[in-house]
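Visitor: the following block contains a protein sequence and its predicted model.
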Amino acid sequence: MPEWFEIVLRTLLAVVVLFFMTKMLGKRQVSQLSFFEYITGITIGSLAAYISLDLEANWYLGLISLGVWIACSLGIEFLQLKSKKMRDFIDSKGTVLIRDGKVLEDNLKKERLTTDELMEQLRKRSAFKLADVEFAIMEPSGEINVLLTRENQPLTPSHLGIKVAPEKEPQAIIMDGEIMDEALATIGFSRGWLQTELDKLGVTIENVFLGQVDSYGQLYVDLFDDKIMVPVPQEKATLFATLKKCEGDLMLFGLTTKNKAAKEMYEQCSKQMEEIIAQLKPVLKR
């Protein structure tokens, strides 16, 4: 067998073995790596290269070594899942770098982190002033997470005492001009509904690069031709305007009628409509 052909076969074999072994290790191996996972990734890559190129050695020995490393990785992950002490020993604990707005210099030296590197990491978290930081911790993965002081945190509806409706996952129901029937069924809509919505926008399915439906049932589309302007859905704005009109009509009826009982009824209905609008406003005005 020619050497180049043997290298091709070995490389393809290494790719297949690496794929399945990485699937066994799970998503952690391709996310933020711990110290041991970092070593494992380098070693597995080196062994795969050995299997592909070292023609003088028996290729199956490389596979055995690769299998041992994978078994060790799976065993250590199992221990980490079962024992907090093992997690702390293998991955170590998070290190507090800033507490109550003050930098802990000893912890900074312990992690071999310079002041410039700390400020760089803070800027990545949109904290350009040290005085804005209440708490900062270096995670075992090396990432630094930051908690801003109360007055510098982003304002949310909960700070204003406003209740908002829960947000559901948007569903992509059209991709590359093809309808995703499974996603469409997940949100409880049919192809007929989709065709009606596309007719409202004046586009065909074949012209849609990506179509998404949000948690409120509104369809957003991106076309292959970026020069074509698609109108923004106005269902929520229209509904809000209709409710406001109903509130105004009830107030008007209450002011113009001379019947006392009818006047009280209209005023009561107007107050109820006002309460309903106040509850729906966070949803309809998004």
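Guide: Yes, it's here. Here the structure is a predicted model, which is why all the values come from computation and not from measurement.
Visitor: now stretch 245-255: buried residues?
Guide: Buried residues in stretch 245-255, defined by neighbour count with 16 or more other CB atoms under 10 Å: Glu247, Leu250, Met251, Phe253, Gly254. For glycine as for every other residue, the C-beta is placed from the backbone atoms N, C-alpha and C.
Visitor: repeat that for stretch 168-182.
Guide: Burial within stretch 168-182, assessed by neighbour count using 16+ other CB under 10 Å, is assigned to Gln171, Ile173, Ile174, Ile179.
Visitor: going by distance to Trp193, which of the buried residues of stretch 245-255 wins?
Guide: The closest of the buried residues of stretch 245-255 to Trp193 turns out to be Glu247 (CB to CB; 29.9 Å).
Visitor: can you map out the helices along the stretch 1-150 of the chain?
Guide: Using DSSP state H, counting those that start in this stretch, the helices of the stretch 1-150 of the chain run over residues 3-25, 35-53, 59-82, 84-91, 105-110, 115-124.
Visitor: just the C-alpha atoms of the shortest one, please, in PDB.
Guide: Output in PDB follows, covering the C-alpha atoms of helix 105-110 (Å, rounded to 0.1, in the frame of the first residue of the first chain):
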ATOM      1  CA  GLU A 105      -4.200  42.600  45.900                       C
ATOM      2  CA  ASP A 106      -3.200  39.300  47.500                       C
ATOM      3  CA  ASN A 107      -5.700  37.300  45.400                       C
ATOM      4  CA  LEU A 108      -4.600  39.200  42.300                       C
ATOM      5  CA  LYS A 109      -1.000  38.100  42.900                       C
ATOM      6  CA  LYS A 110      -2.200  34.500  43.700                       C
END
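Visitor: buried residues in it?
Guide: Neighbour counts over helix 105-110 (16+ other CB under 10 Å) mark Asn107, Leu108 as buried.
Visitor: let's test this: mean pLDDT of the helix or strand hosting Glu267, rounded?
Guide: Using DSSP states H and E, Glu267 sits in helix 260-284. The pLDDT scores in helix 260-284 average 80.
Visitor: now, the buried residues of stretch 168-182 that are in helices?
Guide: Among these, none falls in helices (DSSP state H).
Visitor: just those now: which is nearest Phe209?
Guide: Closest approach to Phe209 among those (CB to CB): Ile174, at 8.1 Å.
Visitor: which residues touch the closest one?
Guide: Ile174 makes contacts with Met180, Leu194, Ile205, Val208, Leu210, Gly211, Val221, as judged by CB atoms under 8 Å, 6 or more residues apart in numbering.
Visitor: what's the burial count for Thr114?
Guide: Thr114 is flanked by 10 other residues according to other CB atoms under 10 Å.
Visitor: for the chain, where's the lowest mean pLDDT among helices and strands?
Guide: Lowest by mean pLDDT, DSSP states H and E among the helices and strands of the chain is helix 3-25, with a mean of 66.
Visitor: give me the three-state assignment for the spatially most central residue of the chain.
Guide: Most central residue of the chain, judged by C-alpha distance to the mean C-alpha position with CA atoms, centre = their mean, is Glu169 at 10.1 Å. Under DSSP: H, G, I helix; E, B strand; the rest coil, Glu169 falls in the coil class.
Visitor: list the contacts of it.
Guide: Counting by CB under 8 Å, 6+ apart, Glu169 has contacts Ser215.
Visitor: do the same with Lys110
Guide: Neighbours of Lys110 in contact, by CB under 8 Å, 6+ apart: Thr95.
Visitor: so it versus Leu219, what's the distance?
Guide: Computed as CB to CB, to the nearest Å, the Lys110 to Leu219 distance reads 54 Å.
Visitor: do the same with Glu247
Guide: 28 Å.
Visitor: all helices for the stretch 151-286 of the chain, in order.
Guide: 181-186, 191-201, 235-256, 260-284.
Visitor: how about low-confidence regions in the stretch 51-200 of the chain?
Guide: For the stretch 51-200 of the chain, applying pLDDT under 70 flags the ranges 51-60, 62, 90, 157, 159-167.
Visitor: doesn't Gln171 make contact with Ser215?
Guide: No. At 9.2 Å, Ser215 and Gln171 do not qualify as touching, with contact defined as CB atoms under 8 Å.
Visitor: what count of nearby residues applies to Leu97?
Guide: By other CB under 10 Å, the residues close to Leu97 number 24.
Visitor: what's the burial count for the nearest residue to it once chain neighbours are set aside?
Guide: What sits nearest to Leu97 in space, not counting adjacent residues and going by CB to CB, 6 or more residues apart in numbering, is Ala136, at 4.7 Å. When neighbours are defined as other CB under 10 Å, Ala136 has 24 of them.
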